[in-house]
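Participant: need a structure here:
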Amino acid sequence: MKKFVMIAAAALVALAGCKQPTSEEVLDGFRADLQALEEEYNASATKISEDATLDDAQKAGKIGDLQDEIIGKMADAGRTLLNKYYADTLVAPAVLSEVVYYLDDNELSAIFAKMPENVKSDKFVARTIESTTARLGTAVGKKFTDFTVDHVAGVDKDGNPIYEKKSLSDFVGKGKVMLVDFWSPWCPPCKAEIPNIKDVWEKYHGDDFDVLSVAVWEESRKMDWHNTIDTAAVYGMKWLQLNNGHQEPASLYGIDGIPHMILFDKDGTILKRGDDLRGAATEKAVAEVLGR
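Facilitator: Next up, the predicted model:
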(Lines give C-alpha, C1' and ligand atoms only; values in the text may rest on other atoms or scores of the structure.)
Protein backbone atom coordinates (compact mmCIF):
# COMPACT_ATOMS: atom_id res chain seq x y z
CA MET A 1 0.00 0.00 0.00
CA LYS A 2 2.80 2.38 0.90
CA LYS A 3 4.45 1.75 -2.45
CA PHE A 4 1.15 2.43 -4.26
CA VAL A 5 0.67 5.71 -2.39
CA MET A 6 4.18 6.77 -3.28
CA ILE A 7 3.55 5.96 -6.95
CA ALA A 8 0.22 7.79 -6.91
CA ALA A 9 1.84 10.86 -5.36
CA ALA A 10 4.51 10.85 -8.02
CA ALA A 11 1.83 10.66 -10.68
CA LEU A 12 0.01 13.64 -9.18
CA VAL A 13 3.22 15.66 -9.20
CA ALA A 14 3.76 14.75 -12.84
CA LEU A 15 0.19 15.73 -13.71
CA ALA A 16 0.57 19.02 -11.85
CA GLY A 17 3.68 19.75 -13.84
CA CYS A 18 1.72 19.18 -17.10
CA LYS A 19 -1.23 21.35 -16.10
CA GLN A 20 -2.33 23.59 -18.96
CA PRO A 21 -2.38 27.33 -18.22
CA THR A 22 -5.74 29.05 -18.08
CA SER A 23 -6.72 31.60 -20.70
CA GLU A 24 -6.07 34.37 -18.17
CA GLU A 25 -2.60 33.00 -17.45
CA VAL A 26 -1.80 32.83 -21.16
CA LEU A 27 -2.83 36.46 -21.62
CA ASP A 28 -0.94 37.58 -18.53
CA GLY A 29 2.20 35.95 -19.91
CA PHE A 30 1.69 37.51 -23.32
CA ARG A 31 1.16 40.97 -21.89
CA ALA A 32 4.25 40.56 -19.74
CA ASP A 33 6.23 39.65 -22.85
CA LEU A 34 4.94 42.77 -24.64
CA GLN A 35 5.85 44.90 -21.65
CA ALA A 36 9.36 43.44 -21.63
CA LEU A 37 9.73 44.18 -25.34
CA GLU A 38 8.58 47.76 -24.80
CA GLU A 39 11.14 48.19 -22.02
CA GLU A 40 13.82 46.65 -24.23
CA TYR A 41 12.97 49.11 -26.99
CA ASN A 42 12.97 52.14 -24.69
CA ALA A 43 16.31 51.21 -23.12
CA SER A 44 17.98 50.52 -26.47
CA ALA A 45 16.49 53.59 -28.15
CA THR A 46 17.71 55.80 -25.31
CA LYS A 47 21.18 54.33 -25.58
CA ILE A 48 21.25 55.02 -29.32
CA SER A 49 19.96 58.57 -28.87
CA GLU A 50 22.69 59.32 -26.33
CA ASP A 51 25.50 57.82 -28.42
CA ALA A 52 27.75 60.78 -29.22
CA THR A 53 29.62 58.79 -31.89
CA LEU A 54 26.53 58.75 -34.14
CA ASP A 55 25.09 61.58 -36.21
CA ASP A 56 21.32 62.16 -36.47
CA ALA A 57 20.94 60.10 -39.64
CA GLN A 58 22.79 57.16 -38.13
CA LYS A 59 20.68 57.36 -34.97
CA ALA A 60 17.48 57.41 -37.02
CA GLY A 61 18.64 54.39 -39.01
CA LYS A 62 19.54 52.40 -35.93
CA ILE A 63 16.29 53.27 -34.17
CA GLY A 64 14.38 52.25 -37.30
CA ASP A 65 16.18 48.90 -37.32
CA LEU A 66 15.41 48.52 -33.62
CA GLN A 67 11.72 49.16 -34.24
CA ASP A 68 11.67 46.52 -36.95
CA GLU A 69 13.36 44.06 -34.62
CA ILE A 70 10.93 44.67 -31.74
CA ILE A 71 7.91 44.55 -34.03
CA GLY A 72 9.20 41.27 -35.41
CA LYS A 73 9.41 39.82 -31.91
CA MET A 74 5.91 41.05 -31.09
CA ALA A 75 4.58 39.50 -34.28
CA ASP A 76 6.29 36.20 -33.49
CA ALA A 77 4.80 36.13 -30.00
CA GLY A 78 1.30 36.88 -31.29
CA ARG A 79 1.63 34.48 -34.21
CA THR A 80 2.59 31.62 -31.89
CA LEU A 81 -0.38 32.18 -29.59
CA LEU A 82 -2.91 32.71 -32.38
CA ASN A 83 -1.90 29.47 -34.05
CA LYS A 84 -2.22 27.63 -30.73
CA TYR A 85 -5.23 29.36 -29.17
CA TYR A 86 -7.26 30.27 -32.27
CA ALA A 87 -10.30 28.56 -30.73
CA ASP A 88 -10.05 30.33 -27.37
CA THR A 89 -12.73 33.03 -27.08
CA LEU A 90 -10.64 35.04 -24.62
CA VAL A 91 -7.09 34.63 -25.91
CA ALA A 92 -7.63 34.86 -29.67
CA PRO A 93 -9.43 38.27 -29.78
CA ALA A 94 -7.10 39.82 -27.20
CA VAL A 95 -3.91 38.69 -28.91
CA LEU A 96 -5.25 39.60 -32.35
CA SER A 97 -5.96 43.15 -31.19
CA GLU A 98 -2.32 43.57 -30.16
CA VAL A 99 -0.60 42.22 -33.28
CA VAL A 100 -3.09 42.51 -36.13
CA TYR A 101 -1.13 45.30 -37.84
CA TYR A 102 2.08 43.30 -37.76
CA LEU A 103 0.79 40.19 -39.55
CA ASP A 104 0.35 39.65 -43.27
CA ASP A 105 -3.21 39.49 -44.60
CA ASN A 106 -2.68 36.02 -46.07
CA GLU A 107 -1.38 34.81 -42.72
CA LEU A 108 -4.35 36.34 -40.93
CA SER A 109 -6.73 34.73 -43.40
CA ALA A 110 -5.23 31.30 -42.69
CA ILE A 111 -5.72 31.83 -38.95
CA PHE A 112 -9.31 32.99 -39.45
CA ALA A 113 -10.04 29.87 -41.50
CA LYS A 114 -9.31 27.71 -38.42
CA MET A 115 -11.36 29.76 -35.97
CA PRO A 116 -14.71 28.40 -34.79
CA GLU A 117 -17.80 30.54 -35.20
CA ASN A 118 -17.96 31.55 -31.53
CA VAL A 119 -14.55 33.25 -31.92
CA LYS A 120 -15.37 34.76 -35.31
CA SER A 121 -18.51 36.31 -33.81
CA ASP A 122 -16.43 38.50 -31.48
CA LYS A 123 -16.96 42.10 -32.68
CA PHE A 124 -13.28 42.89 -33.12
CA VAL A 125 -12.53 39.56 -34.81
CA ALA A 126 -15.52 39.91 -37.15
CA ARG A 127 -14.50 43.44 -38.11
CA THR A 128 -10.91 42.33 -38.70
CA ILE A 129 -12.01 39.41 -40.86
CA GLU A 130 -14.13 41.78 -42.92
CA SER A 131 -11.32 44.29 -43.48
CA THR A 132 -8.74 41.57 -44.17
CA THR A 133 -11.01 39.94 -46.75
CA ALA A 134 -11.59 43.33 -48.38
CA ARG A 135 -7.83 44.03 -48.58
CA LEU A 136 -7.14 40.63 -50.11
CA GLY A 137 -9.82 41.36 -52.71
CA THR A 138 -8.20 44.72 -53.48
CA ALA A 139 -4.56 43.69 -53.21
CA VAL A 140 -1.77 44.65 -55.57
CA GLY A 141 -2.45 43.09 -58.94
CA LYS A 142 -6.24 43.21 -58.60
CA LYS A 143 -8.52 45.48 -60.63
CA PHE A 144 -10.18 48.34 -58.79
CA THR A 145 -13.46 47.88 -56.92
CA ASP A 146 -15.93 50.61 -57.77
CA PHE A 147 -17.97 52.74 -55.37
CA THR A 148 -20.32 55.68 -55.70
CA VAL A 149 -20.72 58.66 -53.35
CA ASP A 150 -23.10 61.60 -53.10
CA HIS A 151 -20.45 64.17 -53.85
CA VAL A 152 -21.30 67.76 -52.94
CA ALA A 153 -20.49 69.71 -56.09
CA GLY A 154 -21.58 73.07 -54.67
CA VAL A 155 -24.47 74.84 -52.97
CA ASP A 156 -27.63 76.51 -54.23
CA LYS A 157 -28.67 80.12 -53.54
CA ASP A 158 -30.02 79.08 -50.14
CA GLY A 159 -26.82 77.33 -49.12
CA ASN A 160 -28.18 73.82 -49.57
CA PRO A 161 -25.83 71.18 -50.98
CA ILE A 162 -26.03 70.22 -54.62
CA TYR A 163 -25.41 66.49 -54.69
CA GLU A 164 -23.88 64.73 -57.66
CA LYS A 165 -23.43 60.97 -57.97
CA LYS A 166 -19.74 60.29 -58.54
CA SER A 167 -17.98 56.93 -58.80
CA LEU A 168 -14.38 55.83 -58.60
CA SER A 169 -14.80 54.50 -62.13
CA ASP A 170 -15.32 58.09 -63.34
CA PHE A 171 -11.60 58.59 -62.66
CA VAL A 172 -9.84 55.22 -62.41
CA GLY A 173 -9.34 52.92 -65.40
CA LYS A 174 -9.71 55.80 -67.86
CA GLY A 175 -6.22 55.69 -69.36
CA LYS A 176 -4.37 57.61 -66.66
CA VAL A 177 -2.23 56.42 -63.78
CA MET A 178 -4.17 57.57 -60.71
CA LEU A 179 -2.99 58.17 -57.16
CA VAL A 180 -6.04 57.94 -54.90
CA ASP A 181 -5.74 59.38 -51.41
CA PHE A 182 -8.27 58.33 -48.76
CA TRP A 183 -8.35 61.03 -46.09
CA SER A 184 -10.55 63.05 -43.74
CA PRO A 185 -10.49 66.72 -42.66
CA TRP A 186 -10.14 65.82 -38.95
CA CYS A 187 -7.04 63.63 -39.52
CA PRO A 188 -3.66 65.25 -38.62
CA PRO A 189 -1.54 62.58 -40.41
CA CYS A 190 -3.68 63.12 -43.52
CA LYS A 191 -2.93 66.83 -43.42
CA ALA A 192 0.76 66.13 -42.86
CA GLU A 193 0.80 64.03 -46.05
CA ILE A 194 -0.86 66.73 -48.20
CA PRO A 195 2.41 68.59 -49.03
CA ASN A 196 3.89 65.34 -50.40
CA ILE A 197 0.80 64.73 -52.51
CA LYS A 198 0.85 68.33 -53.73
CA ASP A 199 4.49 68.01 -54.81
CA VAL A 200 3.70 64.83 -56.77
CA TRP A 201 0.64 66.36 -58.40
CA GLU A 202 2.41 69.57 -59.40
CA LYS A 203 5.34 67.66 -60.85
CA TYR A 204 3.55 64.88 -62.74
CA HIS A 205 -0.14 65.59 -63.41
CA GLY A 206 -1.09 65.71 -67.06
CA ASP A 207 -2.31 63.43 -69.81
CA ASP A 208 -1.00 60.27 -68.16
CA PHE A 209 -1.30 60.97 -64.42
CA ASP A 210 -3.58 62.60 -61.89
CA VAL A 211 -4.49 62.58 -58.19
CA LEU A 212 -7.89 62.01 -56.57
CA SER A 213 -8.60 62.60 -52.87
CA VAL A 214 -11.57 60.72 -51.40
CA ALA A 215 -12.88 61.96 -48.05
CA VAL A 216 -14.07 59.20 -45.71
CA TRP A 217 -15.30 58.88 -42.12
CA GLU A 218 -16.13 62.58 -41.83
CA GLU A 219 -19.08 61.83 -39.56
CA SER A 220 -16.89 59.91 -37.12
CA ARG A 221 -15.69 63.26 -35.74
CA LYS A 222 -18.97 65.10 -36.31
CA MET A 223 -17.70 66.72 -39.49
CA ASP A 224 -19.36 66.89 -42.89
CA TRP A 225 -18.81 68.03 -46.45
CA HIS A 226 -18.39 71.66 -45.29
CA ASN A 227 -15.24 70.72 -43.38
CA THR A 228 -13.92 68.66 -46.27
CA ILE A 229 -14.36 71.45 -48.81
CA ASP A 230 -12.97 74.11 -46.47
CA THR A 231 -9.93 72.01 -45.48
CA ALA A 232 -9.16 71.15 -49.10
CA ALA A 233 -9.22 74.85 -49.95
CA VAL A 234 -7.03 75.87 -47.00
CA TYR A 235 -4.42 73.22 -47.87
CA GLY A 236 -4.42 74.03 -51.57
CA MET A 237 -5.75 70.65 -52.72
CA LYS A 238 -6.36 71.67 -56.34
CA TRP A 239 -6.49 68.15 -57.71
CA LEU A 240 -9.60 65.99 -58.15
CA GLN A 241 -11.84 65.59 -55.09
CA LEU A 242 -14.64 63.34 -53.88
CA ASN A 243 -16.23 64.46 -50.62
CA ASN A 244 -19.03 63.04 -48.48
CA GLY A 245 -17.58 59.53 -48.81
CA HIS A 246 -18.46 58.24 -45.33
CA GLN A 247 -17.95 54.49 -44.73
CA GLU A 248 -18.24 52.60 -48.02
CA PRO A 249 -15.01 53.53 -49.87
CA ALA A 250 -12.80 52.62 -46.90
CA SER A 251 -14.75 49.44 -46.15
CA LEU A 252 -14.52 48.18 -49.73
CA TYR A 253 -10.73 48.54 -49.66
CA GLY A 254 -10.26 47.23 -46.12
CA ILE A 255 -8.82 50.52 -44.92
CA ASP A 256 -8.42 50.60 -41.13
CA GLY A 257 -6.45 53.83 -40.87
CA ILE A 258 -5.89 57.00 -42.87
CA PRO A 259 -4.21 58.46 -44.79
CA HIS A 260 -4.19 55.48 -47.10
CA MET A 261 -3.13 55.82 -50.73
CA ILE A 262 -3.56 53.46 -53.64
CA LEU A 263 -1.76 53.78 -56.98
CA PHE A 264 -3.78 52.52 -59.94
CA ASP A 265 -2.41 51.77 -63.40
CA LYS A 266 -4.04 53.15 -66.53
CA ASP A 267 -6.39 50.17 -66.79
CA GLY A 268 -7.38 50.32 -63.11
CA THR A 269 -5.01 47.62 -61.84
CA ILE A 270 -3.71 48.23 -58.33
CA LEU A 271 0.05 48.80 -58.43
CA LYS A 272 0.86 49.81 -54.85
CA ARG A 273 -1.03 50.71 -51.70
CA GLY A 274 -0.69 51.53 -48.02
CA ASP A 275 2.72 51.83 -46.42
CA ASP A 276 4.41 51.69 -49.83
CA LEU A 277 2.94 55.14 -50.55
CA ARG A 278 3.96 57.49 -47.76
CA GLY A 279 6.33 60.43 -47.78
CA ALA A 280 9.11 60.32 -50.37
CA ALA A 281 8.09 56.78 -51.39
CA THR A 282 5.03 58.20 -53.15
CA GLU A 283 6.94 60.26 -55.69
CA LYS A 284 9.40 57.42 -56.24
CA ALA A 285 6.56 55.01 -57.02
CA VAL A 286 4.82 57.43 -59.38
CA ALA A 287 8.07 58.25 -61.20
CA GLU A 288 8.84 54.56 -61.69
CA VAL A 289 5.37 53.83 -63.10
CA LEU A 290 5.51 56.80 -65.46
CA GLY A 291 9.09 56.01 -66.46
CA ARG A 292 10.41 59.45 -65.52
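Participant: could you use CA atoms for every contact and neighbour count after this?
Facilitator: OK.
Participant: how about the strands in the stretch 51-200 of the chain?
Facilitator: Ranges of strands within the stretch 51-200 of the chain are 148-155, 161-167, 177-183, based on DSSP state E, counting those that start in this stretch.
Participant: okay, those strands in CSV with mean neighbour count next?
Facilitator: Converted to CSV, the strands of the stretch 51-200 of the chain look like this (neighbours: other C-alpha atoms under 10 Å):
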stretch, mean neighbour count
strand 148-155, 17
strand 161-167, 14
strand 177-183, 25
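Participant: out of the ones you listed, which is closest to residue 54?
Facilitator: Distances from residue 54 to each of these were compared using C-alpha to C-alpha; the minimum, 36.6 Å, belongs to strand 177-183.
Participant: gap between that closest one and the chain center?
Facilitator: On the basis of C-alpha atoms, centre = their mean, to the nearest Å, strand 177-183 is displaced by 16 Å from the centre of the chain it belongs to.
Participant: what is it packed up against?
Facilitator: With contacts defined as 3 or more C-alpha pairs under 8 Å, 6 or more residues apart in numbering; DSSP states H and E, strand 177-183 has these neighbours: strand 209-215, strand 260-264.
Participant: and the contacts of the longest one?
Facilitator: Which is strand 209-215. Strand 209-215 is touched from outside by 171, 176-185, 201, 204-205, 228, 239-246, with contacts defined as C-alpha atoms under 8 Å, 6 or more residues apart in numbering.
Participant: quick one: strands adjacent to that strand?
Facilitator: Partner strands for strand 209-215, per DSSP bridges, with pairing direction: strand 177-183 (parallel), strand 240-242 (parallel).
Participant: pull out the buried positions in the shortest one.
Facilitator: The one in question is strand 240-242. 241, 242 (16 or more other C-alpha atoms under 10 Å).
Participant: same question, stretch 111-122
Facilitator: Applying 16+ other C-alpha under 10 Å to stretch 111-122 flags 111, 112, 115, 119, 120 as buried.
Participant: in a markdown table: those, plus pLDDT and distance to residue 49.
Facilitator: Formatted as a markdown table, those follow (pLDDT from 0 to 100; distance: C-alpha to C-alpha, whole Å):
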| residue | pLDDT | distance to residue 49 |
| --- | --- | --- |
| 111 | 97 | 38 |
| 112 | 97 | 40 |
| 115 | 97 | 43 |
| 119 | 97 | 43 |
| 120 | 97 | 43 |
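Participant: okay if I get the residues you listed as a markdown table plus distance to residue 57?
Facilitator: Putting the buried residues of stretch 111-122 into a markdown table (distance: C-alpha to C-alpha, whole Å) gives the following:
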| residue | distance to residue 57 |
| --- | --- |
| 111 | 39 |
| 112 | 41 |
| 115 | 44 |
| 119 | 45 |
| 120 | 44 |
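Participant: which of the helices and strands packed on strand 177-183 sits closest to residue 59?
Facilitator: Smallest distance to residue 59 across the helices and strands packed on strand 177-183 (C-alpha to C-alpha): 27.7 Å, for strand 260-264.
Participant: C-terminal to that closest one, what's the next element?
Facilitator: Counting by DSSP states H and E, the element after strand 260-264 in chain order, helix or strand, is strand 270-273.
Participant: and that following strand, what does it pack onto?
Facilitator: strand 260-264.
Participant: and the strand it packs on with strand 209-215, angle?
Facilitator: What separates the directions of strand 260-264 and strand 209-215 is an angle of 150 degrees, with axes from the mean of the first three to the mean of the last three C-alpha atoms, to 10 degrees.
Participant: can you list contacts of strand 260-264?
Facilitator: Residues outside strand 260-264 that contact it (C-alpha under 8 Å, 6+ apart) are 144, 172-173, 177-183, 270-275, 277-278, 286.
Participant: contact partners for residue 164?
Facilitator: Counted by C-alpha under 8 Å, 6+ apart, residue 164 has contacts 150, 151, 152, 153.
Participant: if we can go back for a sec, which of the helices and strands packed on strand 177-183 sits most buried?
Facilitator: Per-residue neighbour counts averaged over each of the helices and strands packed on strand 177-183 give the maximum for strand 260-264, namely a mean of 24 (mean count of other C-alpha atoms under 10 Å).
Participant: let me know the average pLDDT across that one.
Facilitator: Averaged over strand 260-264, pLDDT sits at 98.
Participant: just to revisit the earlier point, could you dump the strands paired with strand 209-215 to CSV with distance to residue 124?
Facilitator: Formatted as CSV, the entries for the strands paired with strand 209-215 read as follows, by distance: least, C-alpha to C-alpha, whole Å:
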stretch, distance to residue 124
strand 177-183, 23
strand 240-242, 29
